[in-house]
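With the sequence up front, the predicted model follows.
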Amino acid sequence: MSFPGRMMGRSQRVIVVGAGIGGLVAAALLAARGREVLVLDRAAAPGGKIREVEASSTRIGAGPAMLTLRHVFEEIFEAAGDSLEARLSLRAEPLLGRHAWADGRQLDLPAEAEAAAAAIGDFAGAPASRGYRTFRERAKRIHDALEQPFLRAQRPGALALAAQAGLRGLLGASPFASLWDALGEHFPDPRLRQVFARVASYVGSSPLQAPATLMLVAHVEMQGLWSVEGGMQRLPEALAAVAAARGATFRYAAEVREILVAGGRAQGVRLADGETLDAAAVVLNADAAALGAGRFGAAAAGAVERLAPERRSFSAVTWALRAQAEGLPLAMQAVAHADDPTAEYAEIGYRARLPTTPTVTLWALDRGGGAAPPAGPERLLAMISAPARAESRPIPPEAIARCGETAFERLRRAGFALDGRPEDAAVTTPAGFERLFPGSGGALYGPAVHGWQAAFSRPGARTKLPGLYLAGGSTHPGAGVAMAAISGRLAAARVVEERA
């Protein structure tokens, strides 16, 4: 993706609010273009949702554990005049994960296509293997139809996307079918439907309501997962280092309370301590819902549409701990599936409560790239989906405690035995995520991707307020580390285009 416009000297400052992945990418690319860039973040270090917590005197990753779309990051580092390989060591994951159920059945899903087809055949028979192959083909077609005109482009409307992708290509992406129903065309076995419906949870949505276009996420995952040597926190650290090498400056523990507006455009920010900083442009890497709710001042609130709580994506409850684990594969990710996924999603999405029998995802953070498990305790992160209603319907502590017992028991029944207890873990709840990311209600992925129009409801890089631009997982093209990185690139491109 090119950056149109001429090179400019350091005469006009761009303030980037938020040192998450989207903000860091925007800062690095703008600094590489010669812009004066100042990055502000209320935290003590870069990363945003890629963060670490203290548990048992150990720093444990409490955010995304693996990367997809490696080539996106290679392109970004190159565009910033650097190299991904020089900054980070990435290790390909041989397994996409181990999937397990309470009846003891397990499926190890290899990254390699034919090995995965064989594993699925062994698990559920030859028809399931054939269904997997047709599913892969369909997911690839959807991805190829949408990658350039949608994922990598400034946010188009439905008509513009149809014109760019072609009506046949757009309809071939199955925008009007639900993901759950579309998966049923390939996988009569409900357990396999569960396995591949998990792509909806990657964007905090229910597969019962998400469009079949989310199959493109499955295609992305099947192209490879990578772990980062030293932990995912090394990625934001590397991006911050690249931005700083190109001249960007950083101020941490600097909370932005207001986006200053004058003459009908964003002109700077006011910090929590009252300090004001002027800017020619502001890139906001925060949940867009916080902007619309007035968390950055009344004058800037109209820059985006207000997001109703019922349109939020899911939140989560996470348990980060150091413990001995048994029954895990030589892979980072294991999933203990719910007995009844439709009931699980109904409880989270419709009833806005914790699921009675949740799907539990467990990351073994010390096993990247198929590394052998450590001899002693290792760093683990367990997670379930939860409703994002932290400000209106906070979950009582006793409910969180019961949920932890249920989640750890479900891991044990699925064959993943931990010698740690949920009360030994560093726990983050929807209320905790709301404190970390105010104005989100605890939602981790911006708006939910429910219905065919959802893809067009996320705000793009340009807002209704001139001089204010957006980046991050709540904006186009969507949630996830790679998508947030693309959003940062799109935001930087907009700044260059409109301030050239």
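Nice, thanks for sending it over.

Helices of the stretch 1-150 of the chain, residue ranges please.
21-32, 70-79, 84-87, 113-124, 126-146 (DSSP state H, counting those that start in this stretch).

Please identify the most buried of the ones you listed.
Among those, ranked by average contacts under mean count of other CB atoms under 10 Å, first place goes to helix 21-32 (a mean of 31). All C-beta spots, glycine's among them, are computed from the backbone N, C-alpha and C.

what angle do that helix and helix 70-79 make?
On the basis of axes from the mean of the first three to the mean of the last three CA atoms, to 10 degrees, helix 21-32 is oriented at 30 degrees to helix 70-79.

avg pLDDT for helix 21-32?
The average of the pLDDT scores along helix 21-32 is 98.

In terms of secondary structure, what does it contact?
Helices and strands touching helix 21-32, by 3 or more CB pairs under 8 Å, 6 or more residues apart in numbering; DSSP states H and E, are strand 13-17, strand 36-40, helix 70-79, helix 234-245, strand 281-284, helix 481-499.

please redo it, this time with the cut-off set to 6 Å
In terms of contacts (3 or more CB pairs under 6 Å, 6 or more residues apart in numbering; DSSP states H and E), helix 21-32 is packed against strand 13-17, strand 36-40, helix 234-245, helix 481-499.

what is the orientation angle of that helix with helix 481-499?
40 degrees.

Which residues does helix 21-32 contact?
14, 16, 37, 39, 76, 79-81, 236, 239-240, 242-243, 246-248, 283, 285, 471-472, 481, 484-485, 487-489, 491-492 (CB atoms under 6 Å, 6 or more residues apart in numbering).

7 Å - rerun?
For helix 21-32, the surrounding residues in contact (CB atoms under 7 Å, 6 or more residues apart in numbering) are 14, 16, 37, 39, 46, 48, 50, 76, 79-81, 236, 239-240, 242-243, 246-248, 283, 285, 471-472, 481, 484-485, 487-489, 491-492, 495.

For PyMOL, what selects the buried ones among those residues?
Buried members of these, defined by 16 or more other CB atoms under 10 Å, are picked up in PyMOL with:
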select buried, resi 14+16+37+39+46+48+50+76+79+80+236+239+240+242+243+246+248+283+285+471+472+481+484+485+487+488+489+491+492+495
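
distance of Gly47 from Ala128?
Distance, Gly47 to Ala128, by CB to CB, to the nearest Å: 40 Å.

any idea which helix or strand comes after the lowest-mean-pLDDT helix or strand in the chain?
Least confident helix or strand of the chain, by mean pLDDT, DSSP states H and E, is helix 167-172 with a mean of 50. As assigned by DSSP states H and E, the chain's next helix or strand after helix 167-172 is helix 179-184.

Mind listing what's buried along that next one?
For helix 179-184, the neighbour count (16+ other CB under 10 Å) marks Leu179, Trp180, Ala182, Leu183, Gly184 as buried.

out of the residues you listed, who's nearest Lys464?
The nearest member of these to Lys464, counting by CB to CB, is Leu179 at 31.5 Å.

where does that closest one land on pLDDT?
What the model reports for Leu179 is a pLDDT of 94.

Give me the residue ranges of the stretch 201-350 of the chain where confidence is low.
Within the stretch 201-350 of the chain, not a single segment meets pLDDT under 70.

Make TSV out of the helices and strands packed on helix 21-32 and add distance to Gly439.
Below are those laid out as TSV (distance: least, CB to CB, whole Å):
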stretch	distance to Gly439
strand 13-17	13
strand 36-40	17
helix 234-245	21
helix 481-499	17
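
Of all those, which one comes closest to Ala118?
In terms of CB to CB, the element of those nearest to Ala118 is helix 481-499, at 28.2 Å.

Three-state assignment for Gly376, please.
Following DSSP: H, G, I helix; E, B strand; the rest coil, we place Gly376 in the coil state.

now the one 5 residues further on
Assigned by three-state DSSP, the conformation of Leu381 is strand.

got the contact list for the closest residue to it other than its chain neighbours?
Sequence neighbours aside, Trp363 is the residue nearest to Leu381 in space, at 4.5 Å (criterion: CB to CB, 6 or more residues apart in numbering). Shown in contact with Trp363 (CB under 7 Å, 6+ apart): Ala65, Met332, Gln333, Leu380, Leu381.

pretty sure Trp363 is in a strand, no?
Yes. Under three-state DSSP, Trp363 sits within a strand.

So it versus Glu398, what's the distance?
Using CB to CB, we find Trp363 at a distance of 26 Å from Glu398.

now Gly446
With distances taken as CB to CB, Gly446 is found 30 Å from Glu398.
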